[in-house]
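Participant: Structure for this input, please:
(2 chains)
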Amino acid sequence: AQTVTQSQPEMSVQEAETVTLSCTYDTSESDYYLFWYKQPPSRQMILVIRQEAYKQQNATENRFSVNFQKAAKSFSLKISDSQLGDAAMYFCAYRSDTGTASKLTFGTGTRLQVTL
Amino acid sequence: NAGVTQTPKFQVLKTGQSMTLQCAQDMNHEYMSWYRQDPGMGLRLIHYSVGAGITDQGEVPNGYNVSRSTTEDFPLRLLSAAPSQTSVYFCASSLRGTATNEKLFFGSGTQLSVL
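Facilitator: Here you go, the predicted structure:
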């Protein structure tokens, strides 16, 4: 079974600064997908970014980018120019290539605080 | 387009009571699933379905039953509620597509407390 580990329960960043959230995973599969989800206080789950394991290029979405290191099984999220609205829980998630979009394995989450 | 609708949003039960958490989607999605979210544990998969009449267990299925008689609905039943089932429950759905374009849609969650 796959496991996803987020070793930072809480992180803090000043507005306009850059922060990196860590995620490692364990799998014996070669093809899979990785995701970062944001959960603000509203409890809504929002997809931030996704990465296909077969792609060497790191995914980017505006101020959000990932550092995907397949050999090290590491998938960190970098948030640039942090904004107050970025304050939320962030979950890293894994999807097997042989699974479905509804069957994700999540990490325990990192709570991000954004200060003035 | 309502997306994924969960009812109720909040529920308090006594130990031993039964109830059904409702989940409905109007996007004709084949895949549906239930997750529970507990502090410090992230979201964990309870049950999932790949189509009407087909369900399977996830990581934490004990104490929960599901059925999928229609594409739209995927109810989660607690047969005899226990305090350990106090949690926030999320329903999610997605289309059957290529892994590259699949997108998971979440409901807004049900906060359940079992006393």
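Participant: Identify the residue spatially nearest to the most centrally placed residue in chain A, adjacent ones excluded.
Facilitator: Closest residue to the average C-alpha location of chain A: residue A:36 at 3.1 Å, with CA atoms, centre = their mean. Among residues not flanking residue A:36 along the chain, residue A:48 sits closest, at 4.3 Å (CB to CB, 6 or more residues apart in numbering or on different chains). Where you see a C-beta, it was placed from the backbone N, CA and C, and this is true even at glycine.
Participant: How about the secondary structure of that neighbour?
Facilitator: Of the three states, residue A:48 takes strand according to DSSP: H, G, I helix; E, B strand; the rest coil.
Participant: count of residues packed around it?
Facilitator: 19 (other CB atoms under 10 Å in any protein chain shown).
Participant: Please tell me I have it right and it contacts residue A:65.
Facilitator: No - Residue A:48 lies out of contact with residue A:65 (CB atoms under 8 Å); the separation is 10.3 Å.
Participant: Next, show the common contact partners of those two.
Facilitator: Listed as contacting both residue A:48 and residue A:65 by CB atoms under 8 Å, 6 or more residues apart in numbering or on different chains are residue A:77.
Participant: center of chain B - which residue?
Facilitator: residue B:34 (2.7 Å).
Participant: Report the beta-bridge partners for it.
Facilitator: Beta-bridge partners for residue B:34, by DSSP bridges, are residue B:47, residue B:91.
Participant: So what's the predicted local confidence for it?
Facilitator: Here, the pLDDT recorded for residue B:34 equals 97.
Participant: again, but for residue A:96
Facilitator: Per-residue confidence at residue A:96 stands at 87 (pLDDT).
Participant: What residues does the residue lying closest to it once chain neighbours are set aside make contact with?
Facilitator: Excluding its sequence neighbours, the residue lying closest to residue A:96 (CB to CB, 6+ apart) is residue A:32, at 5.5 Å. Each residue near residue A:32 by CB under 8 Å, 6+ apart is listed here: A:2, A:53, A:94, A:95, A:96, A:97.
Participant: Just give me the closest of those residues to chain B.
Facilitator: Proximity of those to chain B, judged by CB to the nearest CB, is greatest for residue A:97, which lies at 6.2 Å.
Participant: List the contacts of that closest one.
Facilitator: Contacts of residue A:97 by CB under 8 Å, 6+ apart are A:29, A:31, A:32, A:33, A:53, B:99.
Participant: how about TSV for those residues, with distance to residue A:86 and pLDDT added?
Facilitator: Output for those, formatted as TSV (distance: CB to CB, whole Å; pLDDT from 0 to 100):
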residue	distance to residue A:86	pLDDT
A:29	31	90
A:31	31	89
A:32	26	91
A:33	23	92
A:53	26	92
B:99	28	60
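Participant: Residue B:5 against residue B:21, yeah?
Facilitator: No - using CB under 8 Å, residue B:5 is not in contact with residue B:21; the gap is 11.5 Å.
Participant: more neighbours, those two?
Facilitator: A side-by-side neighbour count of residue B:5 and residue B:21, using other CB under 10 Å, places residue B:21 first with 21 against 15.
Participant: quick check: mean pLDDT across the helix or strand containing residue B:56?
Facilitator: Assigned by DSSP states H and E, residue B:56 belongs to strand B:54-57. In this model, strand B:54-57 has a mean pLDDT of 94.
Participant: No further queries at this time; thank you.
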